[in-house]
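J.: Sequence and computational prediction follow.
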Amino acid sequence: MEIPAKSPEGSEKSPQCKELITSDTGSTLCTSSRSESVWTSASRSKWDIYHKPVIVVSVGVAVFLFGVVITSLSCFLTKNKKVYKMSGPAFLSLGLMLLVCGLVWIPIIRKKQKQRQKSQFLQSLKSFFFNR
């Protein structure tokens, strides 16, 4: 049976272990959170809330329209007709997929905002009654 070697300081625990034990995990939990709006009460503008789905919808519309143009080129041009017939529907479907994803994302964000407002209201009521 082997006896574990002691650390240079003479204690049984290594310096890294001491650092881990004494670290304040409460503050790191809040800062490593993905959604800081849960921890902060500052109100955000509509653009801050909805900018990602608006960008996805915009890109989806652009790709969809590009697919319409490519598909219509297959009707008018005789050269490279197979390429237009293959790539046009691909851009149409990709654009439609992005468009639908963005349009579905918006009501999901609205629902989360309402839930967050209810949760903050209930937390304030709870703290009002129980912190007396």
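T.: Yes, it's here. Residues are numbered from 1 along each chain as shown.

J.: how about the helices in this protein?
T.: Secondary structure of the chain by DSSP state H: the helices cover 15-22, 25-31, 46-76, 81-130.

J.: Report the contact partners of the residue nearest to residue 87 when sequence neighbours are not counted.
T.: Closest residue to residue 87 apart from its sequence neighbours, by Cβ to Cβ, 6 or more residues apart in numbering: residue 70 at 5.7 Å. From N, CA and C alone the C-beta is placed, and that goes for glycine too. Residue 70 sits next to 84, 87, 88, 91 when contact means Cβ atoms under 8 Å, 6 or more residues apart in numbering.

J.: Show the model's pLDDT score for residue 70.
T.: With respect to pLDDT, residue 70 has a value of 93.

J.: Could you do the one 3 residues further on as well?
T.: Per-residue pLDDT puts residue 73 at 87.

J.: Just give me the neighbour total for the residue nearest to it when sequence neighbours are not counted.
T.: The spatially closest residue to residue 73, leaving aside those adjacent along the chain, is residue 84, at 4.8 Å (Cβ to Cβ, 6+ apart). For residue 84, the neighbour count with other Cβ atoms under 10 Å is 19.
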